[in-house]
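**Student:** No letters, just coordinates:
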């Protein structure tokens, strides 16, 4: 995102070199470690992950303000990336996986002492 930063074309070349050296997957992130204007928004880095995945055939992990379970699921379902990292979402909500499972209709298995707190409606998960 900076004038002297790595371009998308250079990122593709770097990922290609990593794959040639035996790397199985790459985490596609622009880092955010410099002060600059970044067009942030949910999934703002997915396009690069998608491009690298398609052009090189290496598995990619997408990042970038992915907080909603349906958004994360859509990224995987549409094959824009193979993995999704939920960094800030976990910082905001350490029980993100529990709530995502509930939203996506997935049965959740938790320790008995957590069953009444594992869902947003405070009842045992489905099938329990």
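**Tutor:** In hand now; what should we look at? This is a predicted model, so every value here is computed, not measured.

**Student:** do you know how far residue 17 is from residue 97?
**Tutor:** To residue 97, residue 17 is 34 Å away according to CB to CB, to the nearest Å. Glycine gets a C-beta too; all of them are placed from N, C-alpha and C.

**Student:** More neighbours: those two, which one.
**Tutor:** Set residue 17 next to residue 97 and count neighbours by other CB atoms under 10 Å: residue 97 wins out with 16 against 11.

**Student:** Helix, strand or coil: sort out residue 49 for me.
**Tutor:** Of the three states, residue 49 takes helix under DSSP: H, G, I helix; E, B strand; the rest coil.

**Student:** List the residues that contact it.
**Tutor:** Counting by CB atoms under 8 Å, 6 or more residues apart in numbering, residue 49 touches 28, 60-63, 80-81.

**Student:** most neighbours, which of those residues?
**Tutor:** In terms of neighbour count, residue 81 stands highest of the contacts of residue 49 at 27 neighbours, by other CB under 10 Å.

**Student:** What ranges in the chain fall below the confidence cut-off?
**Tutor:** Residue ranges of the chain with pLDDT under 70: 32, 120-128.

**Student:** What are the boundaries of the strands in it?
**Tutor:** Taking DSSP state E as the test, the strands found in the chain are 25-28, 59-62, 83-84.

**Student:** Can you lay out those strands as CSV showing distance to residue 91?
**Tutor:** Rendered in CSV, the data for these read as follows (distance: least, CB to CB, whole Å):
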stretch, distance to residue 91
strand 25-28, 17
strand 59-62, 17
strand 83-84, 15
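
**Student:** and the two most separated of the contacts of residue 49?
**Tutor:** Farthest-apart pair in the contacts of residue 49 is 63 and 80; separation 12.1 Å (CB to CB).

**Student:** And for the residue sitting nearest the centre point of the chain, nearest residue in space, chain neighbours not counted?
**Tutor:** The residue lying closest to the centre of the chain (CA atoms, centre = their mean) is residue 84, at 2.2 Å. In space, and not counting its chain neighbours, residue 84 is closest to residue 72: 4.5 Å by CB to CB, 6 or more residues apart in numbering.

**Student:** how many neighbours does the one you found have?
**Tutor:** Residue 72 has 22 neighbours, counted by other CB under 10 Å.
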